[in-house]
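**Student:** The following comprises the amino acid sequence and a computationally predicted model.
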Amino acid sequence: KAGVTQTPRYLIKTRGQQVTLSCSPISGHRSVSWYQQTPGQGLQFLFEYFSETQRNKGNFPGRFSGRQFSNSRSEMNVSTLELGDSALYLCASSLAPPAGLETQYFGPGTRLLVL
Amino acid sequence: AQRVTQPEKLLSVFKGAPVELKCNYSYSGSPELFWYVQYSRQRLQLLLRHISRESIKGFTADLNKGETSFHLKKPFAQEEDSAMYYCALGEVTGGGNKLTFGTGTQLKVEL
């Protein structure tokens, strides 16, 4: 099976702009999670989607949003970019059992640089 | 609130020496713990999870609820073990899944 794919891989934006990142999960996986990775804060959970619904959200401002489509592909959007948003954004997909945790499989990430 | 602590940012060992990467957690419920590894220029990948009780690439980890620890161990380090290792706590919350990661430990195996 093909792994989780993320596009674009690299992105440069300026402060105040907005950005949209895309994630395609492993075929058959219905849950998609997003994480932000920075040298200072490490890996932090952003949100999780299942069946086009956000099930869980981390402690990030409302400028960070996401959505999931009927084919399980997901996008995340960051509006009014700040310098501190520079990070590696990771997407992870998993099967979505009725209960319990399933292993998350990570994509290569999108590296965002805000100037 | 849940928290995962990895006290060492960098751990350097010689090839053939034992390895122990420390992980402590804070969680009020029944924890599910994972170790993820990131090799140079590769994506983050699961190494092992405590419920499977498997040994992957010679690594093992035992959940100690009394000490709230989930240390990763390997009896003899290999050069290819050099990587970044993350301990993570998984929980089902709000109907969904969430991983809380530690800050990671860079393992360097020297010849």
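**Tutor:** That came through, no problem.
**Student:** where's whichever residue of chain B sits closest to chain A relative to residue A:79, distance?
**Tutor:** With CB to the nearest CB as the measure, residue B:96 is the residue of chain B nearest to chain A, at 2.8 Å. Glycine gets a C-beta too; all of them are placed from N, C-alpha and C. When CB to CB, to the nearest Å is applied, the distance between residue B:96 and residue A:79 equals 23 Å.
**Student:** The two: which has the busier surroundings?
**Tutor:** Neighbour tally, residue B:96 and residue A:79, criterion other CB atoms under 10 Å in any protein chain shown: the higher count belongs to residue B:96, 19 against 14.
**Student:** in chain B, which spans are strands?
**Tutor:** For chain B, strands defined by DSSP state E occupy the ranges B:3-5, B:10-14, B:19-21, B:24-26, B:32-38, B:45-49, B:60-61, B:72-74, B:83-93, B:96-101, B:105-110.
**Student:** quick one on the thing from earlier: residues contacting the residue of chain B closest to chain A?
**Tutor:** For residue B:96, the contacting residues are A:31, A:48, A:50, A:55, A:56, by CB atoms under 8 Å, 6 or more residues apart in numbering or on different chains.
**Student:** hey, what's it bridged with?
**Tutor:** When bridges are assigned using DSSP bridges, the partners listed for residue B:96 are residue B:93.
**Student:** Sort out which one of the contacts of residue B:96 lies nearest chain B for me.
**Tutor:** Proximity of those to chain B was ranked by CB to the nearest CB; the top entry is residue A:55 with 2.8 Å.
**Student:** ok, for residue A:14, nearest residue in space, not its chain neighbours?
**Tutor:** Distance criterion CB to CB, 6 or more residues apart in numbering or on different chains; nearest residue to residue A:14, sequence neighbours excluded, is residue A:115 at 5.2 Å.
**Student:** what's the neighbour count on the one you found?
**Tutor:** Other residues lying near residue A:115 total 10 when counted by other CB under 10 Å.
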